[in-house]
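>>> following is a predicted model, sequence given first.
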Amino acid sequence: SAWKNEKGKLMVSSHDYNDEIGKGESFLQSSDWQTILPEWEDYAKKQFDDAAVKKGRKDNTYVLEMGDDGFPVLPDHAEMDSDTRKAVVRAFLNWHYQDCSGKPKEPVPWKEVIPRHDQLIPPPYLPDGKKICEPSRMNRHKATELLDFWYNRQQNSQDVVFEFYGWWSKADKEVKPIA
């Protein structure tokens with residue numbers, strides 16, 4: 001999609017819900033989507049009569065690559081903007097929460113997780129003394145601190161980069177152990 005933000009800057013983003021609707025395969029996982037981006041940006045510039053395109057994301061989605069071990073691989077985030085960093089944090093935590101709960105479509109219920117993070121997230125998987133918060137409420141520093149911590153664990157061959165102890169059961173209104 002393409003749109004002008006409140007400051008009048010042209011924003012360009014993509015959406016890929018094929019794997020979530022029916023039995024479609026994710027385009028981002030199965031194809032080199034980067035090859036169509038220059039063509040899309042040129043089209044957006046013409047439509048909005050704008051010479052500068054700022055890549056942005058309107059929907060907070062990010063697709064993580066999967067490692068040979070079946071776990072998500074964090075990308076190098078050094079050149080990412082703040083919104084992309086937050087989207088990577090969200091995708092990373094959602095994947096681990098869904099893996100823990102056994103519910104592949106259920107995102108982290110932040111309203112329930114934040115006050116119970118001590119019951120759900122083992123201390124070794126967060127920077128010392130840090131608590132988790134909903135990714136869209138993170139500033140750049142907080143998102144970077146988490147990504148640095150997890151990325152360093154990943155690069156230093158930690159067996160487990162991150163995991164949840166348990167998940168929140170809406171039906172039972174309580175924390176359940178790993179599924």
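Happy to help now that I have it. Residues are numbered from 1 along each chain as shown.
>>> so which residues of this protein form helices?
Assigned by DSSP state H, the chain shows helices spanning 27-30, 37-48, 82-101, 110-113, 117-120, 140-155.
>>> make TSV out of the ones you listed and add mean neighbour count.
To be clear about C-beta, it is placed using only N, CA and C from the backbone, and glycine gets the same treatment. As requested, the helices of the chain are arranged in TSV below (neighbours: other C-beta atoms under 10 Å):
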stretch	mean neighbour count
helix 27-30	15
helix 37-48	13
helix 82-101	20
helix 110-113	16
helix 117-120	15
helix 140-155	17
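>>> these into TSV, with extra columns for distance to I178 and mean pLDDT?
Converted to TSV, the helices of the chain look like this (distance: least, C-beta to C-beta, whole Å; pLDDT from 0 to 100):
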stretch	distance to I178	mean pLDDT
helix 27-30	26	58
helix 37-48	39	66
helix 82-101	5	93
helix 110-113	14	93
helix 117-120	10	91
helix 140-155	19	95
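>>> closest one to G67 among those helices?
G67 sits nearest to helix 140-155 of all the helices of the chain, at 8.8 Å, using C-beta to C-beta.
>>> now the helices of the chain in JSON lines, with distance to D172?
Output for the helices of the chain, formatted as JSON lines (distance: least, C-beta to C-beta, whole Å):
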{"stretch": "helix 27-30", "distance to D172": "34"}
{"stretch": "helix 37-48", "distance to D172": "45"}
{"stretch": "helix 82-101", "distance to D172": "12"}
{"stretch": "helix 110-113", "distance to D172": "12"}
{"stretch": "helix 117-120", "distance to D172": "14"}
{"stretch": "helix 140-155", "distance to D172": "29"}
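>>> out of these, which comes closest to G129?
Set against G129 and scored by C-beta to C-beta, those come closest in helix 140-155, at 11.2 Å.
>>> packing partners for the closest one?
The contact analysis (3 or more C-beta pairs under 8 Å, 6 or more residues apart in numbering; DSSP states H and E) places helix 140-155 against helix 82-101.
>>> next one, pLDDT for A78 please.
In this prediction, A78 carries a pLDDT score of 91.
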